[in-house]
Structures are given as structure tokens and as C-alpha cells.
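Student: No sequence on hand, only this structure:
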């Protein structure tokens, strides 16, 4: 059953990512361009995580390991509320990176529970001879992280900001970075602590420093002092495992803002030592593949500040992948997840499945993975998919996306309904739809059913022949029309429209939909001709033509067009030429409406008000 643009539209009832790692020996960067302090790096996992660090965290959080995550505040918390709360995170004590500087050791652990896939949060535990304290670093990416050939985050082209939160949870510094170059530095990047030294054993005698959820042979004595011993093992932490370099390690230095710090207007990056005092420490960025240890020198300025020294960034997705695997079970593809090269996809999948692990979400995951494999786009929050057929149609896709949000009640409802109905997803496609001679099919809307004969996905397909020539106003109008079919399907499927509704057309539609669904279930996917259902769907939509016209006008104004109200009303009648409400219009109005629809469908200049995509 197919639909015609001018008359009938089909309405059928509707961070440590385990990348593939290859071992190879790195050249030590001991031939640094400048003489400065050394920074040895160690990655500890499981029982090798420093026990004093775990004891410190347990004491500070009353063994909850919770972190308050709020705007302008990140701090350790002893609140017993579960880490699944949106404002709470948890310190992951299963893995740490330790950076041994001249004057301290910085233990970096990741925070689980951050819902923003475009940001990373690490806690830094600073241990020196006389101090132990923490601060937080939040890395906010302007766009999704750029990866190197080794699938590491390429921080040399990182664009975004780095926020520093002190041990009281206060935002004390923000560094803005554009393609790896500091553009602005405000406040502190390595805050010190003015309080008395912390001794977890003396402060909390009930804590056993040798028996923790993570941590074996721990931090003690002067082990914070850096070592140039490149054999690994004992000289860093007694009893630690031997180390092997991992290919997924990336060490860079962060240059100072060129003009502000040096007066030099060139765009060439500068060594950190050129920045002078007060600029802050350099950053060592590590994406470890299997918990092995790597040592590299970092380029950084000479400093006697006990708080200074490079700090690593731990991108830990182990916990996320474990959660995903536990949810998907037999549907979990180790090979697929191990080879995915986009951190944000894993974070999005985890956020979607978190607290929403059921048959319907697993079914959507299969649709989503298929789309991602074909380089499609998936909106996990609203369960909306643009399949790969849109890959070369960015302009058209943006128009359809506009029809799903932001221009009125109809477009806003589509995301709201799909976001609040976890059982049903929406897929937009393009394709070659066969049209009868002399007519053009614009789009159709079809529902997919699960094994229990319930709608689990609604597919809206735009005809290539239509979007190849139609204006943006027409594509937007068709998007609204098809979205209304999807909205009606959700409302009917969830029995959200009463059969005794005051709107007679809706009442008839509910009754016919009930008959259709009963026939579908009883006959197990019959060849059912939904002509009456389609007709009644259009009758219901024709009752809100004025609302549709208002929304199309809002989009037209947004695009800078100055069409009259009748032009927008005509577009609102698209696909409704078979309705009773349309036939009640005077013939002259009907003819004018059909002409305007033709102008916008074929981009008939100068009578079309909209513009086609290039």
C-alpha cells in the first residue's frame, strides 16, 4: 500500500575501551628538548591498585566511594544514595594510573556514572612526603574525541575545556584548548591543599590498609619519588608486576597560549617551559589497552612547586562494557564492541541500557548496531535512527530532524513520545518507492512488530525521487505529516486515545485500529488491507490543519522566508486530499492548494517559496 503526495499517505498501524591491542616497544622519550623533572608512569589494576589510595577514598566517603556530580561542583561524598542517581558518580578503584613526579605522586582514577558522553571525569589523589589530598579534572570535548591510528584519544588536537575542582568540590580553574593549544587559562590546574596532612590509618583505625576492594602493595615511605629505572617493577612500588609497554599510550605536553604568555603572535606551539610560572602542569594522556605499565618522559616546565607535575587522564570503559555485556547477554558481540572506534557510542549505549535493560531495549540495540555498522546516526536518548541512506544527505536529514523537535507541539511531541515509550523506536530511511504513472509517492510510514505482535519500531521512508527535487518547506511538511502517523501509532498502541473521544474521527480511528490489531494477532501477520485505517488516520490529521500550518510557518520564518499564511496552510493539506474536510473546501481553494503543493514538490521557481538542498 503506497501513498501519494497530494492525496493518500500510507498509514500502516504503526573510560577504558578494550580495543584490539598490539604490543610494540616504544622508544623512550628521554631525549627531551629540555632538562626538567622526570615523570614515571605506572598503571595498576585489581589488587595492585595502591591500597593507601583506596583507604583514603574509603575514609573520605565512608566507604561509599560516591562522588557528587553537579554543575560547578564535583566532590567526594559519603551519601549512601546509589551511584545510579543522576547527580551521583562512583570512583572506580579497579584501575589507577600513577604519575611519579619529582615532588609527589599523582594517582588518577576514573569516575563512573557521568551521563555526558562528551566529557570525562578523573579524580587525582596527590601524595607527597607530608600531604595527601584530592582534586578533580573534568575534560569537556567540543565534539566527539578524535582518535589516533592506534585508537587513542588524540589530545594533540583536543578542542574543549579542562575544569579543575579542588578538594572542597569548588571549580577553581578552567583551561580552554583549541586543537591542542591553550587559548585561555583561568585559575588553577593543580590546586594545593592547605590542611594538615592526612593519615588514613591514624584517622580511621577500622580501615585495614592491606585488605581493600582494590590495592595490594601500596604507597609508602618515599616511593612517590620518581625513578629513572626503566626495568619497571620494584623500584617504583615494591612487589609490583613487571611492565610491558602498550600501544595505546599517548603522551603530549600542553603548550601555553601563544600571545598571552609570550607576546608572540605566531601560531607555533611552545614548550611548556616557555610559559613561565603559574601556567600549570602538563598533561599525560593515556588510553591503556590491558592494564600494562608504560614509562615515558613528559615535556614540562621546571618547577619546585610541590603541587606541580604532569597528571594522566584515565579513560576507563571497562565497567561500561561489562554492564553492556551483562544486559545484552547472548546478543553481546565481543568482536563488535572491541573494534568500535568511537568512545561516545559506547557511552551512549551504556547510558541507554542503564536501568532500561529489557527485551525491547535489546531489540532496539540490534537496530542501532546495524545502523552504526552502516555509518548511520543513532539518537539513543529518543530512540531515533537515521540509517545509512542519509549519509550523503546532510541537508535533507537536517530538515527531517527539524520536523522532530523545536517548531511546535507536533515536532516536540515526536521526541517526547519516543523518549517516554521505551518499547517503540523510530527509524528514518530513504529509498526508491514505486509510484503509479503520472504521480509521485513522497513517503510512507510502516510499523514493525515483535514476536508478541506488538509494535517495536516505526519506519518512515522518504522517496529519493521526492527529496531529490522538493524544497525544504515541502520536505519539512512531509516530515510533520509522517511524524503524525507515528504519533497516532504510539497513542493507539498504548491505548492513550479513548474510543469515546469527543473527536469523532479519532473515535473511529481507535475502533478501526483495534479491529486491525485483533485481526493481525488472530491471523498471525495476515495480508491486511488497511485502507479504512489509512483513511481514518488522514481524517483525524485533517482536523488539525491549522496547527500543522502554524508549525510549517515557524520553520519558514526560521529559514528566512516571507510566504503568506495561505501558502503554509496549503502545505499543511499535503497528503490529505482524500479527506472529507478537504472536499468541503471551495473548488478554487482546492485548486490553489494543489498548485502550491506542486510548486514546492517540484521546486517550481519563482512560485515555490522554499529552497531545495544543493
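Tutor: Received the coordinates, thanks. This is a predicted model, so every value here is computed, not measured.
Student: buried ones in stretch 581-596?
Tutor: Of the residues in stretch 581-596, 582, 590, 592, 593, 594, 596 count as buried by neighbour count, 16 or more other CB atoms under 10 Å. Placement of C-beta: from N, CA and C, glycine included.
Student: Output those in TSV; the columns should cover distance to residue 452 and pLDDT.
Tutor: Below are those laid out as TSV (distance: CB to CB, whole Å; pLDDT from 0 to 100):
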residue	distance to residue 452	pLDDT
582	38	96
590	44	96
592	48	97
593	42	97
594	43	96
596	44	97
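Student: Now intersect those residues with the helices, please.
Tutor: Within those, residues falling in helices by DSSP state H are 582, 590, 592, 593, 594, 596.
Student: Excluding covalently adjacent residues, which one is nearest to the last one?
Tutor: In this case it means residue 596. Nearest residue to residue 596, sequence neighbours excluded (CB to CB, 6 or more residues apart in numbering): residue 570, at 3.8 Å.
Student: Can you show me the helices along the stretch 351-500 of the chain?
Tutor: 359-373, 394-402, 409-419, 464-467, 472-493 (DSSP state H, counting those that start in this stretch).
Student: typo on my end, it should be the stretch 1-150 of the chain
Tutor: Using DSSP H, counting those that start in this stretch, helices in the stretch 1-150 of the chain cover 51-61.
Student: that older thread, quick one: closest of the helices of the stretch 351-500 of the chain to residue 438.
Tutor: The closest of those to residue 438 is helix 464-467. By CB to CB, the value is 13.2 Å.
Student: List the buried residues of the closest one.
Tutor: For helix 464-467, burial by neighbour count (16+ other CB under 10 Å) applies to 466, 467.
Student: just checking, what packs against the helix or strand hosting the residue nearest to residue 596?
Tutor: Under the criterion of DSSP states H and E, residue 570 resides in helix 565-572. Counting contacts by 3 or more CB pairs under 8 Å, 6 or more residues apart in numbering; DSSP states H and E, helix 565-572 packs against helix 472-493, helix 545-558, helix 587-602.
Student: and of the ones in helices among the buried residues of stretch 581-596, the nearest to residue 516?
Tutor: Closest to residue 516, out of all of those and judged by CB to CB, is residue 582, at 23.7 Å.
Student: Residue 170: which of the ones in helices among the buried residues of stretch 581-596 is nearest?
Tutor: Checking those one by one against residue 170 (CB to CB), the nearest turns out to be residue 596, at 59.0 Å.
Student: From residue 572, how far out is the closest one?
Tutor: 10 Å (CB to CB, to the nearest Å).
Student: and the protein, what are its domains?
Tutor: Using automatic domain parsing, the domain parsing of the chain gives 40-316, 320-602.
Student: what's the least confident stretch among those domains?
Tutor: Lowest mean pLDDT within those: domain 40-316, at a mean of 61.
Student: For stretch 475-488, give me every contacting residue.
Tutor: 5, 9, 11, 14, 396, 399-400, 402-404, 410-411, 413-414, 417, 426, 442-445, 458, 460, 462, 466-467, 470, 509, 537, 540-541, 548, 551-552, 555, 571-572, 574-575, 600 (CB atoms under 8 Å, 6 or more residues apart in numbering).
Student: rerun at 6 Å
Tutor: Here stretch 475-488 makes contact (CB atoms under 6 Å, 6 or more residues apart in numbering) with 11, 14, 399-400, 403, 410, 413-414, 442-443, 445, 458, 460, 467, 537, 541, 548, 552, 555, 571, 574-575.
Student: Stretch 375-383 too?
Tutor: Applying CB under 6 Å, 6+ apart, the contact partners of stretch 375-383 are 348, 352, 364, 368, 371, 385-388, 391, 415, 418-419, 425.
Student: can we see that at 7 Å?
Tutor: By CB atoms under 7 Å, 6 or more residues apart in numbering, the residues outside stretch 375-383 that reach it are 348-349, 351-352, 364, 368, 371-372, 385-388, 391, 415, 418-419, 425-426.
Student: on that earlier part again, ranking the helices of the stretch 351-500 of the chain by burial, who's on top?
Tutor: helix 472-493 (a mean of 25; mean count of other CB atoms under 10 Å).
Student: Please name the residues that touch the residue nearest to residue 596.
Tutor: Per CB under 7 Å, 6+ apart, neighbours of residue 570: 592, 593, 596, 597.
Student: which non-adjacent residue is nearest the first one?
Tutor: Across the structure, with CB to CB, 6+ apart as the measure, the residue nearest residue 592 apart from its sequence neighbours is residue 570 (6.7 Å).
Student: For residue 553, see how far away the one you found is.
Tutor: Separation of residue 570 from residue 553 (CB to CB): 11 Å.
Student: any idea how far residue 49 is from residue 160?
Tutor: Counting by CB to CB, the gap from residue 49 to residue 160 is 28 Å.
Student: Looking at those two, which has the bigger crowd around it?
Tutor: Comparing residue 49 with residue 160 by other CB atoms under 10 Å, the one with more neighbours is residue 49, at 24 against 17.
Student: Return the distance of the more buried one relative to residue 607.
Tutor: Between residue 49 and residue 607 the computed distance is 71 Å (CB to CB).
Student: Could you tell me how many residues sit around the closest residue to residue 494 other than its chain neighbours?
Tutor: Nearest residue to residue 494 in three dimensions, chain neighbours excluded: residue 421, at 6.7 Å (CB to CB, 6+ apart). By other CB under 10 Å, 18 other residues sit near residue 421.
Student: just to revisit the earlier point, tilt between the helix holding residue 570 and helix 472-493?
Tutor: Angle of helix 565-572 versus helix 472-493, following axes from the mean of the first three to the mean of the last three CA atoms, to 10 degrees, is 50 degrees.
Student: buried set for helix 565-572?
Tutor: By neighbour count on 16+ other CB under 10 Å, the buried set for helix 565-572 is 567, 568, 569, 570, 571, 572.
Student: Same list, the helices of the stretch 351-500 of the chain, but as TSV with distance to residue 73 please.
Tutor: Putting those into TSV (distance: least, CB to CB, whole Å) gives the following:
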stretch	distance to residue 73
helix 359-373	32
helix 394-402	33
helix 409-419	27
helix 464-467	47
helix 472-493	38
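Student: Tell me which of those helices approaches residue 95 most closely.
Tutor: Smallest distance to residue 95 across the helices of the stretch 351-500 of the chain (CB to CB): 26.2 Å, for helix 359-373.
Student: could the contacts of residue 570 go into CSV alongside distance to residue 185?
Tutor: Compiled in CSV, these are given as follows (distance: CB to CB, whole Å):
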residue, distance to residue 185
592, 62
593, 60
596, 56
597, 57
